[in-house]
Structure formats: structure tokens, C-alpha cells
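*Asks:* Provided below for reference: sequence and predicted model.
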Amino acid sequence: MPTRPENLIRALELSIQENHNCTPTHFRSIYVEEGPEENPLWKGYVEVFTLEGHPESEIAYGWWEEEAEVNLVTILALTPTANAKKAVQAYLMSLEEP
């Protein structure tokens with residue numbers, strides 16, 4: 001199992017740059033909990049990046065997902081993923097698809 005990168009922000013920036021052909025800049029970190037407060041489905045920090053050079057989005061979200069097949073998760077801020085919480089919701093929904 002891969003270990004979390006020592007510099008997660010830089011690893012996420014490289015992933016966004018490679019996968020979305022744009023230049024990301026870290027903007028801030030947002031704590032997100034998804035699901036019931038007493039037993040959340042997901043909780044952690046989502047890193048927010050501004051994007052330069054992407055034709056459809058000015059923002060991307062990213063985080064480290066310890067138990068996932070792909071540990072670095074990056075999602076563009078498009079209409080259904082307009083904020084960090086919605087990006088996590090979209091990610092969780094993608095895990096449920098057959």
C-alpha cells in the first residue's frame with residue numbers, strides 16, 4: 001500500500017497538472033465531514049487549488065484517500081462539484097457505481 005507523500009500539497013499539484021493540463025496553486029484547506037455526525041462516511045481535509053490555464057474550471061479539490069485504489073484524489077470544480085463538500089460527495093458516489 002502506498003504511503004502518504006511527505007509533501008501532499010506538492011503531490012496533489014503535480015497530479016492536477018498532469019491530469020488536467022493546467023497550473024494549480026494551493027489556496028487553502030477545508031475540513032469536511034460527510035454523513036451523520038456520530039458516524040461520518042468520510043472526514044478529513046480537502047485541499048483547494050486555483051487553476052491557471054484550464055478551459056472549464058478555475059478551482060480543483062484534492063486529498064489523500066488512504067484505503068482507495070488511487071490514493072491521490074483530484075476533482076475539478078465544475079457545476080456538480082462546486083464546493084469541497086460536493087467534491088467529496090461526488091467521490092463517494094463514484095465508489096458506489098457498478
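*Replies:* In hand now; what should we look at? Fair warning: this is a prediction, and the values are worked out from it, not measured in the lab.

*Asks:* quick check: the residue sitting nearest the centre point of the chain vs residue 37, distance?
*Replies:* In the chain, the residue lying closest to the centroid (C-alpha atoms, centre = their mean) is residue 62, at 2.3 Å. As for residue 62, its distance to residue 37 is 25 Å (criterion: C-beta to C-beta, to the nearest Å). All C-beta spots, glycine's among them, are computed from the backbone N, C-alpha and C.

*Asks:* tell me what the helix or strand harbouring residue 90 is packed against?
*Replies:* Using DSSP states H and E, residue 90 maps to helix 84-96. Other elements packing on helix 84-96 under the criterion 3 or more C-beta pairs under 8 Å, 6 or more residues apart in numbering; DSSP states H and E are strand 23-34, strand 42-52, strand 59-64, strand 72-76.

*Asks:* out of those, deepest packed?
*Replies:* strand 59-64 (a mean of 24; mean count of other C-beta atoms under 10 Å).

*Asks:* got phi/psi on the most far-flung residue of the chain relative to its centre?
*Replies:* If you look at how far each residue of the chain sits from its centre, by C-alpha atoms, centre = their mean, the farthest one is residue 38, at 23.4 Å. Backbone torsions of residue 38, given as degrees, to the nearest 10, read phi -80, psi -20.
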